[in-house]
Structure formats: structure tokens, C-alpha cells
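Asker: I'll drop the sequence and a predicted model, then ask my questions.
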Amino acid sequence: MRIDVLTLFPNMILPVIKESIIGRAMYEKKITINVIDFRDYSTNKHQKVDDYPYGGGAGMVLQVEPIVKALRSIEGYQDALKLIMTPQGEPYLQTTAEKFARCDHMIILCGHYEGFDERVRAYFDLEVSIGDFVLTGGEYAALVVMDSVVRLIPGVLNKEASFQEDSFSEGLLEYPQYTRPRVFEGKEVPEVLLSGHHEAIRAWRDSQRLERTKKRREDLYKKYRKR
């Protein structure tokens, strides 16, 4: 997979993608991530990319021209999945990440200031929101999307790791996990997990997923029960 990130602040992205699973996936050439500063495509001698909004109002608005020029500089941009990170977008879900993970090429636009010139939207396929809140910039949201997508690409996670039982992967939250010590301050690991009985362990985990989802996310539980 190839991911291109359009941003005004490359250093909010670059140090993060060098670490952990994303960094390893890049090192092993399972993914390629390019970070593009669309300020480089400004036609203003001071490299400004924002301006006052027509009609007045607080703050500055990102201009359409440098963003579109930066987008068009990307090889194969026409066929890529082009995303805008914005709180006005569609809610980002695990199923969205699974869909994105099947793409060969994604382009992610990160906003700042008071938003975009409305005409920017005509050049992108989808607007995505990671929650009903506002961030100082789209870089944080872009990193969330990249992390959640990259880990689903075949071969990125270790063979023993699996995302099939992650929270939300089947509409349920994940079951409880335990490790050593067996007892800590009187709190014990459930006996079934020490039994070595794989079928009993599987049944316990399934029941725990249902119980935890019902308790913590009744909306997900009801949706799961309707299947």
C-alpha cells in the first residue's frame, strides 16, 4: 500500500510513522508513506496558503489552489482513494479501516485553521471524522487512520497476532486478557484460562465478549443481537 499525506506540518507526521508497527512495515517495504507539505505549492511569495473568508468571520481558511496543485503532483492520484480528515466527515469505524486496508493507494488531506475553501471537497472522494470533537489539526486524525489501516494489511502484524478478535472486528468488544503473575494483590486469573481446555477457553472468551459489550456498549450489543 502507498499512502500520501498532505499537510502543512510534516514534522507532526514524520517522527511518528518511524516507530512501532508502522515503522516496521515501512522498513519491510509492506507500505510506503510520503508526507507532502502543500505549502510548497503556494503561489504567494510568502508561501501563504490561507486567507480571510469571503463574507467575513473569525479565523483563516485554507485556499483551494495549493491543495489541488499538491494533489495533482502525486503520481496516480486519479485512481487513489482521496480522504479529507474533518469533524464534518463520516464516522470512522473498524469496518471503514477494513475497507481502506484493501486499497492500493490512499491520499489523506490534513486541515488546519478554520477549515478549507469549500471547493477543495470536489477533488476528494470521502470526508472522514474520528469523533464528534474538534482538533487543532487533521494530522492527529490522519495518524489514527494510518495506524488502524496499516495493522490490517496482510503480513504487517506478527503471525501469532490476530485482529480477528479485536474490539469491533465482529461487532463486539474484545474479551479480557491476563498474563503473569497468576495472583496479584488478591486478584486471580480466571481458572478456565489455566485449564488448557481450548474449547472451554474459547467459550469463556465468547461469553465475556458478549457480557462486556452489553455492559459497556449497549448500542453495539443490540446491533449484534439483531443480526
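Answerer: Happy to help now that I have it. Residues are numbered from 1 along each chain as shown.

Asker: Where do the domain boundaries of this protein fall?
Answerer: As given by automatic domain parsing, the domain ranges for the chain are 2-150, 164-227.

Asker: which one of the ones you listed is the most hemmed in?
Answerer: Most buried of these by mean neighbour count (mean count of other Cβ atoms under 10 Å) is domain 2-150; its value is a mean of 17. (Each C-beta comes from the backbone N, C-alpha and C, glycine too.)

Asker: how long is that domain end to end?
Answerer: Using Cα to Cα, to the nearest Å, the end-to-end distance of domain 2-150 comes to 10 Å.

Asker: I'd like to know the average pLDDT value across it.
Answerer: For domain 2-150, mean pLDDT is 96.

Asker: Show me what the longest strand anywhere in the chain pairs with in its sheet, parallel or antiparallel.
Answerer: In the chain, assigned by DSSP state E, the strand with the most residues is strand 81-91. Under the criterion DSSP bridges, strand 81-91 sits next to strand 105-110 (parallel), strand 126-129 (parallel) in its sheet.

Asker: Going by residue numbers, what spans are strands in this structure?
Answerer: 2-7, 32-37, 50-51, 61-62, 81-91, 105-110, 126-129, 183-184, 187-188.

Asker: So which of these is nearest residue 73?
Answerer: When the strands of the chain are compared for distance to residue 73 using Cβ to Cβ, the nearest one is strand 32-37, at 7.3 Å.

Asker: Now do that closest one against strand 105-110: the angle between them, please.
Answerer: 30 degrees (axes from the mean of the first three to the mean of the last three Cα atoms, to 10 degrees).

Asker: can you list the residues that contact the longest helix anywhere in the chain?
Answerer: When the chain is parsed with DSSP state H, its longest helix is helix 198-216. Residues outside helix 198-216 that contact it (Cβ atoms under 8 Å, 6 or more residues apart in numbering): 165, 172-176, 190, 192-193, 195, 220-221, 224.

Asker: ditto for stretch 28-42
Answerer: 1-8, 10, 13-14, 17, 22, 25-26, 47-49, 63, 65-67, 69-70, 73-74, 146, 150, 153, 155-156.

Asker: give me that answer again for 6 Å
Answerer: 1-6, 8, 10, 13-14, 17, 25, 47, 49, 66-67, 69-70, 150, 155-156 (Cβ atoms under 6 Å, 6 or more residues apart in numbering).

Asker: again, but for stretch 220-227
Answerer: Against stretch 220-227 from outside (Cβ under 6 Å, 6+ apart): 171-172, 213-214.
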